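>>> Requesting a structural model of the entry that follows:
(one chain, ligands or ions: 1)
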Amino acid sequence: AKNEHRFDGRVAIVTGAGRGLGRAHALLLAQRGAKVVVNDLGGSKEGEGVDASPATDAVNEILAAGGVAVADTNNVGSEAGCHALVETAVREFGRIDIVVNNAGISRWAAFPEADAENLERTLDVHLRGTWHTTRAAWPHMEKQGYGRIITTTSTGMLGLPENLAYATAKGALIGFTRSLAVSAAPKGILVNCIAPNAVTRPSESAKKPNIVTDSKMDPELLKAMQTDLVSPLVGYLAHESCTVNGEILVAGAKRFGRWFLGFTQGWLDDTDSMPTIEEVAGHWNEINDLEGFYVPRNLNEWSANFMGHLA
Ligand code: NAI
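Here you go, the predicted structure:
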């Protein structure tokens with residue numbers, strides 16, 4: 001049935017849900033019956049300042065549509081803020097089932113301008129915000145034997161030298177997601193990562209023309225890249241029926257796909273002598289040959305393949 005995925009009785013936190021993608025995720029979850037904590041500090045896209053109105057507006061929109069939500073303006077860029085956010089959920093709604101780690105900032109800078117402050121401020125929101133919010137929710141999920149955690153990476157990780165700290169933080173979230181997923185599964189908790197694509201505020205600050213910035217000028221493409229075209233993926237990963245764990249999924253412009261970490265079979269030196277630089281160079285094609293590549297689900301699966309010849 002069309003609307004069978006419901007979240008009645010479930011409580012969700014969506015960080016950075018006052019605007020952009022987070023708002024769309026929060027609206028969808030609330031529309032399907034979840035009680036939602038709409039977290040948003042309300043700062044600029046670079047993360048300056050505070051404004052309660054984005055979170056309040058999103059909550060009002062949910063309430064007007066007959067949903068249940070509360071606004072929370074804690075800063076997920078601080079550990080205390082993350083703990084206070086989870087406390088809001090528990091205080092207001094008595095539990096926490098879903099955490100959508102979505103809040104993000106964007107401070108365009110390349111080397112050498114991208115300095116320690118740029119890195120720290122970016123890591124604070126994207127990486128530490130996800131870490132601390134998830135960690136604060138963890139004991140509640142563990143106790144109830146149920147949880148759905150979603151992290152937000154970016155295909156920008158594939159090459160954003162002008163926003164290096166952002167790409168770095170997004171890369172770290174993949175390691176966080178994959179590793180936490182391993183210990184989560186036995187507890188009934190699933191952890192997955194999304195790489196969304198939509199036209200939002202940060203699209204305007206992009207320094208380089210790309211499909212997202214160009215779309216600002218084309219209303220049709222803008223419509224084709226609406227935020228709510230990503231949210232169904234979040235809804236699926238947040239649902240009770242979902243069994244996906246430790247995966248990275250891409251969504252945007254109505255396309256949904258999987259982003260995976262694969263390994264080549266590689267070159268195995270089966271001689272008795274030490275491998276040399278020259279042999280590595282000489283076997284480069286073999287090392288990179290995609291034929292027979294594999295996508296391990298976890299570290300054990302990788303080592304069973306890569307170190308399989310030692311068995
Ligand atoms: P946005 O700027 O429209 O929304 C982000 C929201 O997070 C804002 O309302 C902001 O106030 C809030 N926020 C920022 N720092 C916060 C903090 N410390 N505490 C609480 N709230 C905070 O941006 P958008 O595009 O909706 O981004 C959402 C997520 O999706 C981010 O993690 C972003 O990196 C990611 N993403 C977005 C892409 C896109 O195409 N729009 C592409 C790839 C990733």
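>>> quick one: what helix or strand has the residue in the stretch 51-200 of the chain positioned nearest to the ligand in it?
Proximity of the stretch 51-200 of the chain to the ligand (C-beta to the nearest ligand atom) peaks at G104, 2.7 Å away. C-beta coordinates here come from the backbone N, C-alpha and C atoms, glycine included. For G104, there is no host helix or strand (DSSP states H and E).
>>> Check whether it really touches T153, as I assumed.
No. Applying C-beta atoms under 8 Å as the test, G104 and T153 come out as separate, 10.2 Å apart.
>>> sorry, back to before: what sits against the residue of the stretch 51-200 of the chain closest to the ligand?
G16, V125, H126, T152, Y166, P202 (C-beta atoms under 8 Å, 6 or more residues apart in numbering).
>>> Ramachandran angles for the residue lying closest to H126 once chain neighbours are set aside?
The shortest distance from H126 to any non-neighbouring residue, by C-beta to C-beta, 6 or more residues apart in numbering, is to A169 (3.8 Å). Dihedral angles of A169 (phi, psi; degrees, to the nearest 10) stand at phi -60, psi -40.
>>> Kindly report the same for M307.
According to degrees, to the nearest 10, M307 has phi -100, psi 10.
>>> next SSE after the lowest-mean-pLDDT helix or strand in the chain?
Of all helical and strand segments in the chain, the minimum by mean pLDDT, DSSP states H and E falls on helix 211-215, at a mean of 47. For helix 211-215, the following helix or strand on the C-terminal side (DSSP H and E) is helix 219-224.
>>> Only alpha carbons, please: show that following helix as PDB.
Taking C-alpha atoms only, helix 219-224 is exported to PDB below (Å, rounded to 0.1, in the frame of the first residue of the first chain):
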ATOM      1  CA  PRO A 219      13.800  27.000 -12.000                       C
ATOM      2  CA  GLU A 220      13.000  23.700 -13.600                       C
ATOM      3  CA  LEU A 221      16.200  22.000 -12.500                       C
ATOM      4  CA  LEU A 222      15.700  23.600  -9.100                       C
ATOM      5  CA  LYS A 223      12.300  21.900  -8.900                       C
ATOM      6  CA  ALA A 224      13.900  18.700 -10.100                       C
END
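>>> Strands of this structure, residue ranges please.
11-14, 35-39, 68-72, 98-100, 147-152, 189-197, 248-252, 255-259 (DSSP state E).
>>> the inter-axis angle of the longest one versus strand 248-252?
Meaning strand 189-197. Here the directions of strand 189-197 and strand 248-252 differ by 40 degrees (axes from the mean of the first three to the mean of the last three C-alpha atoms, to 10 degrees).
>>> just the angle between strand 189-197 and strand 147-152, please?
30 degrees.
>>> Output the below-cut-off pLDDT ranges for the stretch 101-250 of the chain.
204-217 (pLDDT under 70).
>>> Could I get the full set of helices for it?
Ranges of helices in the stretch 101-250 of the chain, per DSSP state H, counting those that start in this stretch, are 116-123, 129-144, 164-184, 201-205, 211-215, 219-224, 231-238.
>>> Residues touching the third one, excluding its own?
It stands for helix 164-184. Counting by C-beta under 8 Å, 6+ apart, 104, 106-107, 109-111, 114, 118-119, 121-123, 125-127, 130-131, 134, 147, 149, 151-154, 156-157, 159-161, 190-193, 245-246, 248, 261, 298-299 sit against helix 164-184.
>>> For the stretch 151-300 of the chain, list the residues in contact with the ligand, please.
T152, S154, G156, P196, N197, A198, T200, R201, P202, V212 (C-beta under 6 Å from any ligand atom).
>>> Show me which of those are buried.
T152, S154, G156, P196, N197, A198, T200, P202, V212 (16 or more other C-beta atoms under 10 Å).
>>> hey, which of the helices of the stretch 101-250 of the chain is tucked in deepest?
Among the helices of the stretch 101-250 of the chain, helix 231-238 has the highest mean neighbour count (mean count of other C-beta atoms under 10 Å), at a mean of 22.
>>> just the angle between it and strand 147-152, please?
140 degrees.
>>> who wins for proximity to W284 among the strands of the chain?
Set against W284 and scored by C-beta to C-beta, those come closest in strand 255-259, at 25.2 Å.
>>> Tell me which two in the contacts of G104 are the farthest apart.
Going by C-beta to C-beta, the pair spanning those furthest: G16 and Y166, at 14.0 Å.
>>> Show the pLDDT at the residue nearest to R201 when sequence neighbours are not counted.
Spatially, and ignoring its direct neighbours in sequence, R201 is nearest to K45 (4.6 Å; C-beta to C-beta, 6+ apart). The model reports K45 with a pLDDT of 91.
>>> ok, so what distance separates K45 from the ligand?
5 Å (C-beta to the nearest ligand atom, to the nearest Å).
>>> How about the contacts made by the residue nearest in space to the middle of the chain?
Using C-alpha atoms, centre = their mean, the residue of the chain that lies closest to the mean C-alpha position is T152, 1.3 Å off. Counting by C-beta under 8 Å, 6+ apart, T152 makes contact with L21, V100, N101, N102, G104, H126, T130, L173, C193, I194, A195, P196.
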